[in-house]
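1. Here is the input, now give the coordinates:
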Amino acid sequence: MSSKTVQRRLADPLFRAELDEVKLQIVQQTAASLSDAATSAVAALKILLASRDEGVQLRAASAILDVAIKYRETLDLSERLVALEEARELSVA
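-> Alright, predicted model coming up:
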């Protein structure tokens with residue numbers, strides 16, 4: 001397909017909306033897949049916590065704590081962002 005054809009199609013609002021919808025579906029499917037994988041990864045790390053090898057236990061515990069801290073930080077930032085957006089909406093209204 002030529003670049004002119006691509007440009008013409010991207011200029012079409014209907015085509016652009018369909019393209020955006022497909023992109024959104026891909027992102028949602030990827031997020032769901034990553035969520036499933038994360039659940040399996042946590043289960044695997046929990047199993048490794050019971051290992052007889054203390055080095056394996058330490059690495060599993062460290063990985064769990066690292067992710068837990070990052071998750072908490074992300075959750076905190078998300079909550080703060082929502083609060084800022086709500087405050088902004090109130091000040092604009």
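2. Name the residues of the helix or strand where residue 71 lies that are buried.
-> According to DSSP states H and E, residue 71 maps onto helix 54-92. Within helix 54-92, the residues scored as buried using 16 or more other Cβ atoms under 10 Å are 60, 63-64. C-betas here are computed from N, CA, C, even on glycine.
3. Who are the contact partners of the residue nearest the centre of the chain?
-> In the chain, the residue lying closest to the centroid (Cα atoms, centre = their mean) is residue 31, at 5.8 Å. Listed by Cβ atoms under 8 Å, 6 or more residues apart in numbering, the contact set of residue 31 is empty.
4. Phi and psi next, for it.
-> Dihedral pair for residue 31: phi -60, psi -40, per degrees, to the nearest 10.
5. same question, residue 50
-> Torsion angles, degrees, to the nearest 10, at residue 50: phi -90, psi 10.
6. Show me what the lowest-mean-pLDDT helix or strand in the chain is packed up against.
-> For the chain, using mean pLDDT, DSSP states H and E, the weakest element among its helices and strands is helix 3-11, scoring a mean of 90. Counting contacts by 3 or more Cβ pairs under 8 Å, 6 or more residues apart in numbering; DSSP states H and E, helix 3-11 packs against helix 13-49.
7. pLDDT averaged over the helix it packs on, what's the number?
-> The average pLDDT within helix 13-49 is 94.
8. List the buried residues in that helix.
-> 45, 48.
9. Distance from the chain centre to it, please.
-> Here the centre of helix 13-49 is set off from its chain's centre by 7 Å, with Cα atoms, centre = their mean, to the nearest Å.
10. Same check on stretch 48-61?
-> Offset of stretch 48-61 from its chain centre (Cα atoms, centre = their mean): 27 Å.
11. tell me how far the ends of that stretch are from each other?
-> End-to-end span of stretch 48-61 (Cα to Cα, to the nearest Å): 9 Å.
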